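Undergrad: coords please:
(one chain, ligands or ions: 1)
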Amino acid sequence: MASDISNIVILTGAGISAESGLATFRGPEGLWEGHRVEDVATPEAFSRDPALVQRFYDARRANLATVEPNAAHEALARLDAGWDGELLIVTQNVDDLHERAGANRVLHMHGELNSAWCLECDTRTASPAALLEEPSCPECGEAALRPDIVWFGEMPYGMDAIEQALMDADLFVSIGTSGAVYPAAGFVQTARYRGARTLELNLDPSQGSIFFDESRMGPASELVPAWVD
Ligand code: BJW
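TA: Numbering: from 1, shown residues only. Model prediction:
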């Protein structure tokens, strides 16, 4: 790492968890595990057919329990543990693989699979059971739990902290994301405008590839350890 770098922001997306066995979102047919995005990842879809949406996330949560962090998550955890300057891993992922690898400075801007949100009393419950069968809030008892996931049209979490970190960043690194979804897709431009060096590590060039000073193409499990170590 260059000696003039002190503050690092790392943006991760579904590609970093692909080699752990979690599917990415945008396949050749634009389908998410057999579902259309608008049927499962919008507040309107949840109002229309809550059981379908709860089933979709219950299945994802169960699948998450069967996979492990890979070499890319582990490399970022090593970097986090050893980096004396500011560092923030902003993940779009709703899995917990960064944390299970040992990273501490993680912000889940699109929510977390292992969290449920009560629409009645606003409480967050960690590690919910299957929400389809047990949608009652342990705090207020109302059947008003929804997945604690940021759906299309909703405000991502932690935007103030993210904006501040981007303002202060000397280096912005994007890993395993297609750059198709805003506001995350715009972070590279904010960081670059503020003078940060920008690096992309991805299997294919992302939609915002032209905004990066450097792009390295390949699997995250190889590129990330090579960059970190
Ligand atoms: C590998 C690999 C390997 C594979 N190694 N790499 C028109 C214009 C602009 C914006 C909008 C617009 N219309 C609507 C909007 C806003 C909308 C949006 O961006 N829509 C776009 C579709 C256009 N955004 C929103 O609604 C957001 N909220 C919002 O904007 O609020 C207003 C606001 C905010 C802030 C300031 C001011 C106003 C909310 C977005 C919520 C996204 N939620 C989802 C679902 C979450 C949960 C879930 O079900 O899991 O989040 S959508 C989905 O996409 C998920 C992801 O986090 C997100 C990004 O996907 P990601 O991670 O990039 O995955 P893929 O599959 O797309 O790409 C994987 C990449 O990995 C690929 O490039 C592969 O090559 C690579 N790869 N294997 C390395 N082994």
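
Undergrad: Give me the distance between the residue lying farthest from the centre of the chain and residue 210.
TA: Taking Cα atoms, centre = their mean, the residue of the chain most remote from its mean C-alpha position is residue 141, at 29.8 Å. Distance, residue 141 to residue 210, by Cβ to Cβ, to the nearest Å: 52 Å. Where you see a C-beta, it was placed from the backbone N, CA and C, and this is true even at glycine.

Undergrad: cool, residue 52 as well?
TA: 38 Å.

Undergrad: Of the two, give the one with the bigger neighbour count.
TA: residue 52 (14 against 9; other Cβ atoms under 10 Å).

Undergrad: tell me which element the more buried one is part of?
TA: Residue 52 is part of helix 50-64 when elements are defined by DSSP states H and E.

Undergrad: give the contact list for residue 10.
TA: Applying Cβ atoms under 8 Å, 6 or more residues apart in numbering, we find residue 10 in contact with 76, 87-90, 172-175.

Undergrad: Quick check: residues of the protein near the ligand?
TA: With Cβ under 6 Å from any ligand atom as the criterion, the chain meets the ligand at residues 13-15, 18-19, 24-26, 41, 92, 94, 110, 149-156, 159, 176-178, 180-183, 202-204, 206, 219-220.

Undergrad: Mind giving me the PyMOL command for buried ones among those?
TA: In PyMOL, this line selects whichever of the residues of the chain next to the ligand come out buried by 16 or more other Cβ atoms under 10 Å:
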select buried, resi 13+14+15+18+19+24+25+41+92+94+110+149+150+151+156+176+177+178+181+202+203+206+219+220
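
Undergrad: Look at the residue lying closest to residue 71 once chain neighbours are set aside and say how many residues are nearby.
TA: In space, and not counting its chain neighbours, residue 71 is closest to residue 221: 4.3 Å by Cβ to Cβ, 6 or more residues apart in numbering. Neighbour count of residue 221, defined by other Cβ under 10 Å: 18.

Undergrad: contacting residues around the host helix or strand of residue 221?
TA: Here residue 221, judged by DSSP H and E, is contained in helix 220-228. Contacting residues not belonging to helix 220-228 are listed as 15-16, 18-19, 70-72, 74-76, 78-79, 173, 175-176, 199, 201-203, 216 [Cβ under 8 Å, 6+ apart].

Undergrad: The one helix or strand residue 200 maps to pairs with which strands?
TA: Assigned by DSSP H and E, residue 200 falls within strand 197-202. If you go by DSSP bridges, strand 197-202 pairs up with strand 171-175 (parallel), strand 214-217 (parallel).

Undergrad: how about the helix holding residue 52 as PDB, C-alpha atoms only?
TA: C-alpha atoms of helix 50-64 as PDB (Å, rounded to 0.1, in the frame of the first residue of the first chain):
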ATOM      1  CA  PRO A  50     -45.900 -10.700   2.100                       C
ATOM      2  CA  ALA A  51     -45.800 -14.500   2.200                       C
ATOM      3  CA  LEU A  52     -43.900 -14.700  -1.100                       C
ATOM      4  CA  VAL A  53     -41.400 -12.100   0.100                       C
ATOM      5  CA  GLN A  54     -40.900 -13.700   3.600                       C
ATOM      6  CA  ARG A  55     -40.400 -17.100   1.900                       C
ATOM      7  CA  PHE A  56     -37.800 -15.700  -0.400                       C
ATOM      8  CA  TYR A  57     -35.800 -14.200   2.500                       C
ATOM      9  CA  ASP A  58     -36.400 -17.200   4.800                       C
ATOM     10  CA  ALA A  59     -34.800 -19.400   2.100                       C
ATOM     11  CA  ARG A  60     -31.900 -17.000   1.600                       C
ATOM     12  CA  ARG A  61     -31.300 -16.900   5.400                       C
ATOM     13  CA  ALA A  62     -31.300 -20.700   5.600                       C
ATOM     14  CA  ASN A  63     -28.900 -20.900   2.700                       C
ATOM     15  CA  LEU A  64     -26.600 -18.300   4.400                       C
END
